[in-house]
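[1] give the three-dimensional model of this entry:
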Amino acid sequence: MNKLEQAWFSQLSMFSFEGERVNGLRAQAIKFKIGGNAFYKPDMTGWRGGRLTAWECKGMAVKNIDRGKLALKVAAHQWPEVDFWLVWKQDGQWQQQRILP
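    Prediction:
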């Protein structure tokens with residue numbers, strides 16, 4: 001994991017996410033098939049409120065966020081039973097966006 005991913009992993013490990021504790025938190029542990037021979041591997045996954053949740057950490061570069069959103073949109077569409085989140089840090093604060101199917 002890079003520094004940003006490590007920071008978010010620590011955040012999830014020590015605290016809760018949106019008021020719920022994250023159980024079974026793992027880094028880069030699951031691959032989701034999104035079509036043909038294409039797979040998407042989120043930066044981390046865990047169980048929150050009885051649902052599998054996946055997080056993708058991106059730097060502030062607009063290009064990286066756009067690319068991250070594209071992969072997440074495809075994964076969210078293919079795997080609606082999983083909650084997908086895009087997270088980034090802006091002005092020292094964590095920002096997050098749920099990616100809907």
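
[2] list the buried ones in whichever strand or helix holds Lys89?
    With elements delineated by DSSP states H and E, Lys89 resides in strand 83-90, which encompasses its position. For strand 83-90, a neighbour-count test (16 or more other Cβ atoms under 10 Å) marks 83-89 as buried. Every C-beta, even on glycine, is put in place using the N, C-alpha and C of the backbone.

[3] counting by contacts, list what it packs against.
    In terms of contact count using 3 or more Cβ pairs under 8 Å, 6 or more residues apart in numbering; DSSP states H and E, strand 83-90 is assigned the packing partners helix 3-14, strand 51-57, helix 62-78, strand 93-99.

[4] try it again with 10 Å
    Other elements packing on strand 83-90 under the criterion 3 or more Cβ pairs under 10 Å, 6 or more residues apart in numbering; DSSP states H and E are helix 3-14, strand 44-48, strand 51-57, helix 62-78, strand 93-99.

[5] ranking the ones you listed by mean pLDDT, which is last?
    Least confidently modelled of the helices and strands packed on strand 83-90 is helix 62-78, at a mean of 77 by mean pLDDT.

[6] show me what Ile99 is bridged to.
    Bridge pairing for Ile99 (DSSP bridges) gives the partners Phe84.

[7] my guess is it meets Lys58, correct?
    No. Contact criterion Cβ atoms under 10 Å: Ile99 and Lys58 do not qualify, at 11.8 Å.
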